[in-house]
Structures are given as C-alpha cells and as structure tokens.
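Undergrad: no sequence for this one, just the structure:
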Ligand SMILES: Cc1cc2nc3c(=O)[nH]c(=O)nc-3n(C[C@H](O)[C@H](O)[C@H](O)COP(=O)(O)OP(=O)(O)OC[C@H]3O[C@@H](n4cnc5c(N)ncnc54)[C@H](O)[C@@H]3O)c2cc1C
Ligand code: SF4
C-alpha cells in the first residue's frame, strides 16, 4: 500500500490533464494513474510514407482492432456506431482531429427552449472563463468575430482554408449560409514550446511535429513540472470506500501487473464516457451494491455519441490532397431548432480536406466508383486529390436505453470486466442525419461537384463519449452535482465527458476541458468545505 495522497486522478487524457494542471498550484500531493504509456511521436504513422496503412495499426482508432497492451476490449455488438478512443497519456487527443468548437449558450437550456432532455445546472457564462483559459493552454487557432457565438478572442491565426475550404466557402456564400474558419487545436505559429504545423499530413493518427494540441505535450509537461506524479501502465480496477461511505482510494494493477492500493483523500475520475462508468460499475460494495455513485441508477445510462453524416463531393480539378490539417472551417447554419425541419436541435458541418491515396482507393471502391478491370486506374485518378468531405455532427439527445453496462463474460488482460454498449439511433437523429445530407449535397453541387457520395451514420465514428454520469442538482436524476462532485460520495469527482447533460451539435473536447478546469477551480475554492 502506498502513502496517502491528497488527490488521486484516474485517466490522463483531455480532462485528467487539465484538472491535474489546475490543481497543481495548490501544492497538494497529486497522483494520476493512467493505464497507457506516454505516446512516442517517433512512432507516429505520419513519420513515414506508409502513414495511411500504419494508421490502421498501433495508432488506429478502434480499441478492439488496435488491441494494444493499454487497451481494454469493448463489446459494441449492440451498437451501429463503434468506439474510437486512445488509451495513453493524452487520451483521445493523441488521435483527435482537433476541431475545437465551443457549445452555444442555447445548449445549456434545451429543456427550457425545446422541451427535450434537461437543462444543465450551469450555463455558458459559467464556463466562458475556462473556455478562454483552455484555449490558451491548448493553443487554439481561429478567427475572432464568428457571428454564431458570443465574442471570443482568438489565440493565433486560423488554419488556412486551402483550395477545398475556399471552394466550399464560395458555395456557402452563394447559398447565403453561415460559415467560419474553424477553431482548431493546431498551432499555426510556434507556441509554448510546440512547433507550428508544417502540413505533414492528416492529424488523426498523431502529430509527429507536435503542432496538434494533445495533452501529453500541452498540459502534462506543465503539470509534471509543477509536481504532479503521473504513473503510466497503471490500470484501475475499482474505487474503494470506507465505513463512512467516503472514497478511500483505488485498487490498480501496476506496470508489472501487481495489484496495488493507492490511498487518497479525494478521487477524481477522468476516464471518458465509457471508462468512467465502467470503473464505477466495477466498484461494488455492501454499501453500494449497484456500483459507486449510482443511487440514481443513472451510471452508464444516457450514453450520447453524436451520429455523423458524411458527404463527399468529387470535383474535376485538384483540391487539397492529403497534406495539411484535416479541418479548416465549419458551418452552423442549421444549429438551432427550427421545427419546420421535422426535428429539434441541430448540427455543425465540419469541412475536411481530401484524403491520401489508400483512403481514396478504399472510399472509391466502397461507394462503387472504382471498378476492377480496364478502367481501374483511370477511375482512381478521377478521385485522387479531387474529393472534399463534409460531416454533419448531429446533437444526440440523452435516452435511458442507450447505455454502458458490464459484459458478463468479456474481460481485459487483468481480468477486469469489460464494458458493453447498447445504443440505438433515435428518430430525431435519423431525421437530422437525412436533412444534413440533403443540405450538404446542395453545398457540394453549388461548389461544382460532379458526383456526391453520402453515408450516415459513420459507423466508425463513436469518438465522442458523453452523458453516462450526468450532472444535475437533483440526486435522483443525476450522478454528480453542479460542480462535478458525486451526490453519494462526497470526496469523489468526475471531470470527463460522462458528466454532460446534453451533447450539443459540436465536438466536445473544448467543453470537456473547460468543465474539468471549472470543477478543479470550484474544488480549490471549496476545499475547506469538502467534507461537509
Ligand atoms: C479519431 C478521433 C477523432 C476525434 N476528433 C475530435 C475533434 O476533432 N474534436 C473534439 O473535440 N474531439 C475529438 N475527439 C474526441 C476527443 O478525443 C475526446 O472528446 C476527449 O479525448 C475525451 O476526453 P476525456 O478526458 O473525457 O477522455 P480521454 O481523452 O479518452 O482520456 C481517458 C483516459 O483514461 C484512461 N483510462 C481509462 N480507463 C482507465 C483505467 N481503468 N485505469 C487507468 N486509466 C484509465 C485512458 O487510457 C485514457 O487515457 C476525437 C477522438 C478520436 C478517437
Ligand atoms: S497537418 Fe499539421 S497538425 Fe496535422 S499532423 Fe501534420 S503537422 Fe501536425
């Protein structure tokens, strides 16, 4: 058994890193347990010419397929959308695209505005200072003045639109629809010890240049220098509780596979929308037979993903190929509710550059645009460097039956029960997906595409993991309170995407990290009262 620490953080991804850095200035003894390792940029696929093929291996998206030592299996048979994550220091930010929109103010009040789901117990104004702090810590590029948002400063200039962005921007202008250069977690200037983007290639398998803001190179070096101890290859099995119902620490398997107990005054979970409910459900005791912090029965429920539509336009002239950050601009023309569309809430379009030769070939063959035989090479050439992509990130409403439970049979390498996902796409989401494909097709045609390919949902697109330990003021209808503290266990906090009440129609990481900073800050201010 180790000495007691003040704060034990579990998970070193987007949220765990932000919380650790924020808490470090208290000089408390803080330890973070992370099941994976520090990523090694020298091994990233983008360091070699075979980056596309290698992108399906060690730095691939799906943990079941990747099956690294740090990964745990997930039973996703009962879901049309499969999980994408990364288990290691930096978590999902090692692989993410770095599209970095904030929530809109309306996203915190959907029950009041649209009569669906629930309002958040906090609002945009609560998070605004933390969004700004996080933008500076991560180093976010963008352009101030987006009319879709309240005023927000830009940290550095935006990623250039390139040929593809410029072409689509003109099409949006012709249709009279909103577009704006994306807020992006890609450094366009040298920033905080990180080198600027040199257009190495797609960012979604790790950025060897260090331009993309993954937390192993943003928050963590600062947090470690400030005294936080980060222990890698340490997989937590369960959180333990004492006779008084307070958390006492966590049982984990260390780098040698030895079962170890870390005692702590405060435990903070940051394992994402799947990993966090998994640990809570595995933490059973006489006092908490249905899992820890689960008196509401909501741990694992209300899983939200963001169903994605995907529309690809094919053009006669070369557009940007596989070089450069994948995202350049967004459109939030269809973000807020308009009931005439047949669904509530809305979505963001994220515009992406073209793809490399391997993915071009796979896409062309998948959509029946590249035949075998005489025309094979000619058909490939008509697609290569001539595709622009557009995805619709659809707001997913919370539903009790979409959930994470423990698989009765499947276990990870340490024998810990693995999570099982049950998820259905709602009628509201289906209508939104159809609508987003129809409008994106109009954009592509207006931009001059001679062919348009579409799919929904993106089956591999379970990269946004939210809602499975939601926040709220009512202990019967939420797992944590309005500052991330468990209603049931007063020294247990959750800071990852699990605590989302609703998903909004944007990528979540900016909000996940703003929330983590907010929870850490609130905790610091209330430290003296923690055990009331
Ligand atoms: C391919 C891809 C593209 C994406 N693109 C975007 C994007 O453009 N924009 C955006 O906003 N988001 C994007 N995301 C999502 C983004 O990565 C996540 O929202 C974010 O990383 C979630 O942060 P988190 O702190 O909740 O969890 P994570 O970052 O997933 O971190 C959780 C950490 O906990 C660790 N852990 C879990 N269980 C245990 C355990 N039992 N013991 C010890 N450690 C444990 C894990 O190893 C992991 O490191 C993308 C993700 C992927 C995979
Ligand atoms: S395009 Fe830029 S941010 Fe993306 S991987 Fe290459 S250097 Fe990194």
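TA: Perfect, thanks for sending it. Note that the coordinates shown come from a computational prediction; the quantities given were computed from them, not determined experimentally. Ligands and ions are numbered 1, 2, ... in the order given.
Undergrad: alpha carbons only for contacts and neighbour counts from here, please
TA: Will do.
Undergrad: show me where pLDDT drops low in the stretch 201-350 of the chain?
TA: Counting by pLDDT under 70, the stretch 201-350 of the chain contains low-confidence residues at 201.
Undergrad: now with 80?
TA: For the stretch 201-350 of the chain, applying pLDDT under 80 flags the ranges 201-202, 321-323.
Undergrad: tell me which parts of it are close to ligand 2?
TA: Contact residues, the stretch 201-350 of the chain versus ligand 2 (C-alpha under 6 Å from any ligand atom): 201, 202, 203, 207, 209, 211, 212, 324, 325.
Undergrad: what's the nearest residue to the fifth one once chain neighbours are set aside in contact with, if anything?
TA: In other words, residue 209. Nearest residue to residue 209, sequence neighbours excluded (C-alpha to C-alpha, 6 or more residues apart in numbering): residue 195, at 6.6 Å. Residue 195 makes contact with 187, 189, 209, 210, 211, according to C-alpha atoms under 8 Å, 6 or more residues apart in numbering.
Undergrad: neighbours around residue 444, how many?
TA: Neighbour count for residue 444, taken as other C-alpha atoms under 10 Å: 25.
Undergrad: in which helix or strand would I find it?
TA: helix 427-446 (DSSP states H and E).
Undergrad: what's the answer for residue 506, then?
TA: Here residue 506 is assigned to no helix or strand, by DSSP H and E.
Undergrad: mind checking the backbone torsions on it?
TA: phi -140, psi 160 (degrees, to the nearest 10).
Undergrad: who's in contact with it?
TA: 101, 102, 103, 347, 348, 393, 394, 395.
Undergrad: residues from the stretch 251-400 of the chain in reach of ligand 1?
TA: Close to ligand 1, as judged by C-alpha under 6 Å from any ligand atom, the stretch 251-400 of the chain has residues 270, 271, 272, 275.
Undergrad: Could you identify the helix or strand that succeeds the lowest-mean-pLDDT helix or strand in the chain?
TA: Every helix and strand of the chain was ranked by mean pLDDT, DSSP states H and E. The lowest is helix 51-54, at a mean of 85. Next helix or strand after helix 51-54 toward the C-terminus (DSSP H and E): helix 63-66.
Undergrad: List the buried residues for that next one?
TA: 63, 64, 66 (16 or more other C-alpha atoms under 10 Å).
Undergrad: Check which element follows the helix holding residue 444 along the chain.
TA: Downstream of helix 427-446 (by DSSP H and E), the next one is strand 451-455.
Undergrad: Inside strands: which ones of the contacts of residue 506?
TA: Under the assignment DSSP state E, the contacts of residue 506 contribute 347, 348, 393, 394 to strands.
Undergrad: so which of these is the most crowded?
TA: residue 394 leads those on contacts (other C-alpha under 10 Å) with 29 neighbours.
Undergrad: Quick one: residues contacting the closest residue to it other than its chain neighbours.
TA: Spatial nearest neighbour of residue 394, chain neighbours left out: residue 347 (4.4 Å); criterion: C-alpha to C-alpha, 6+ apart. Listed by C-alpha under 8 Å, 6+ apart, the contact set of residue 347 reads 332, 334-336, 392-395, 432, 436, 504-506.
Undergrad: ok so, going back, which of the residues of the stretch 251-400 of the chain next to ligand 1 lies closest to residue 519?
TA: Lowest distance from residue 519 to those (C-alpha to C-alpha) belongs to residue 270, with 11.7 Å.
Undergrad: Among the residues of the stretch 251-400 of the chain next to ligand 1, which ones are in strands?
TA: Going by DSSP E, the strands hold none of these.
Undergrad: where exactly do the strands run in the stretch 401-532 of the chain?
TA: 403-411, 417-422, 451-455, 492-494 (DSSP state E, counting those that start in this stretch).
Undergrad: Who does the second one pair with, and is each partner parallel or antiparallel?
TA: This points to strand 417-422. Sheet pairing here is set by DSSP bridges, and for strand 417-422 it gives strand 75-78 (parallel), strand 403-411 (antiparallel).
Undergrad: about what we covered before: among the buried residues of helix 63-66, find me the one that's closest to ligand 1.
TA: Ranked by distance to ligand 1 (C-alpha to the nearest ligand atom), the buried residues of helix 63-66 are led by residue 63 at 9.5 Å.
Undergrad: Who are the contact partners of that closest one?
TA: 71, 72, 73, 74, 83, 84, 85, 86.
Undergrad: what pairs with residue 350 across the strands?
TA: residue 330, residue 391.
Undergrad: Please renumber the chain so that the first residue is 7 from this point on.
TA: Got it, the first residue is 7 from now on, which makes the last one we talked about residue 356.
Undergrad: I'd guessed it sits against residue 400; true?
TA: No. Look at residue 356 against residue 400 with C-alpha atoms under 8 Å: they stay out of range, at 10.9 Å.
Undergrad: Neighbours of residue 250, how many?
TA: Applying other C-alpha under 10 Å, I find that residue 250 has 9 neighbouring residues.
Undergrad: ok so, going back, out of the strands paired with strand 423-428, deepest packed?
TA: Scoring the strands paired with strand 423-428 by mean neighbour count under mean count of other C-alpha atoms under 10 Å gives strand 409-417 as the most buried, with a mean of 18.
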